[in-house]
Every structure is written in structure tokens, then in C-alpha cells.
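Chemist: Let me see the structure of the following:
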Amino acid sequence: MTTLYNDTDPYVARWLRNLIAAGHINAGDVNEQSIADLTPDDLTGITRFHAFAGIAGWDYALRLAGWPDDLPVWTGSCPCQPFSVATRSGRGTTDARHLWPAWFRLIRQCRPQFVFGEQVPGAIGHGWLDGVCADLEAEGYTCGAAVLPACSVGAPHPTSVAKTVKDKIVESIDRVNGNSPAAWSLDSTKIVV
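Modeler: Down below sits the predicted model:
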């Protein structure tokens, strides 16, 4: 398994390298380029790609969920500033920080089997989720989403994020279900925790 973490923040990149060195997340490389500058060649041979990696929450979550190491997956948490009510300066899909189009370009070109993402619920009102699903469905992916309050996973507050899951090859779902802990299951439209 080859993992690539991508984040442009130098502090976050150092943090990721420290988490890797400590064995808290999967070993891999940290790439500090903008997602807009990545090419399919940069992702050749990558099994797990974590776009907008932050402090590797997706890699850690996959580990906790029992996602098989040999099952390729892409994850990404696109910047929320264009859609968040906390950043009143956000301009939705016209905001330069709206990086879904750059990530989708790579998804379309590389065609990963599974893609997980998340975004603040405010993005739904800006049409973000509709656009993401339309883009992916045009490429043959199946999409689903759920707005989950943070307290649903044990956080002491109700802040929500919109979780999305997409799959390309439906036959692989049986493999995931067969290799997954009984605590969760995956079907073609949703994650059930």
C-alpha cells in the first residue's frame, strides 16, 4: 500500500510527517503542492490518496473502521471557507478557495474506485453537494450523502458536516462488507455507522 497525503500548509505537513513517524497513521509521502497543480502522474502507484489531508483524520477513520489496507481509496475534505457561515466572506462556488473542480479533475482522470469526502452543511445551500454528485454521476459513480452532527460520533457539540461516499465498482462493495467489522456496513449509496 502506498499512501499520499496532500496539504499546502507547511505546519500541517510537518504534523503529518510526525504522525507517520510515530505510527499513528499509515506510512506514506506528504505532498505540499496545491491540488490544482497535481497531475495524474503524481498519483501513479498511490493506493490511498488523502487530498486536503489536514491532520489525517480520514486515514485514521479508515483504520478505525477496519477499511482493508489493500483496498484503494481516495479521501478529501475540500476547503469549507467558500460555504461556511463562520467565514462571511465565502462566495460559494465562485470563491477561489472552492477546490472541488481541481479534485474532481484528478478523480475523472485517475478514476479511483472509492472516494470519501466531507463538507460543511452550508455548502448544500450553495449547490455544492448537487454539483459534486452531478459531476461524479456523469462519470459513472454512485453518490450518497448524510448530514451527521458531530455528537453522533461522540463529540460534545452538535456541529455537523455533510459526509459523502461514492463508489465506482459495485462488485467491490461485497468485498468491503465481507472484510468490515459488524459495526458498519457500506452499500452503494450510504455509510451506516
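Chemist: Shouldn't residue 103 be within a strand?
Modeler: No - assessed with DSSP: H, G, I helix; E, B strand; the rest coil, residue 103 is helix; it does not lie in a strand.
Chemist: Tell me how many other residues surround it.
Modeler: By the criterion of other C-beta atoms under 10 Å, residue 103 has 23 neighbours. For the C-beta atoms, the positions are set from N, CA and C on the backbone; glycine is no exception.
Chemist: Was I right to think it contacts residue 77?
Modeler: No - with contact defined as C-beta atoms under 8 Å, residue 103 and residue 77 do not form a contacting pair (10.1 Å).
Chemist: Give the residues shared as contacts by those two.
Modeler: 51-52 (C-beta atoms under 8 Å, 6 or more residues apart in numbering).
Chemist: where along this structure do the strands fall?
Modeler: Along the chain, counting by DSSP state E, strands occupy 3-6, 29-31, 48-51, 73-76, 114-119, 142-149, 160-167, 185-186, 191-192.
Chemist: most packed of these?
Modeler: strand 48-51 (a mean of 26; mean count of other C-beta atoms under 10 Å).
Chemist: quick one: the helices in this structure?
Modeler: 10-21, 57-65, 100-110, 122-125, 128-138, 171-179 (DSSP state H).
Chemist: Residue 85 is nearest to which of the strands of the chain?
Modeler: Closest approach to residue 85 among these is made by strand 160-167 (11.6 Å; C-beta to C-beta).
Chemist: Quick check: closest non-adjacent residue to residue 38.
Modeler: Closest residue in space to residue 38, ignoring its immediate chain neighbours: residue 106 at 6.1 Å, by C-beta to C-beta, 6 or more residues apart in numbering.
Chemist: For that neighbour, give its distance to residue 74.
Modeler: Distance, residue 106 to residue 74, by C-beta to C-beta, to the nearest Å: 8 Å.
Chemist: Overlap of the contact sets of the two?
Modeler: In contact with both residue 106 and residue 74: residue 51, using C-beta under 8 Å, 6+ apart.
Chemist: circling back to that earlier point, can you name the residues that contact the residue nearest to residue 38?
Modeler: Contacts of residue 106 by C-beta under 8 Å, 6+ apart are 35, 38, 40, 43, 51.
Chemist: Filter the residues you listed down to the buried ones, PyMOL style.
Modeler: A single PyMOL command selects the buried members of the contacts of residue 106 (16 or more other C-beta atoms under 10 Å):
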select buried, resi 35+38+43+51
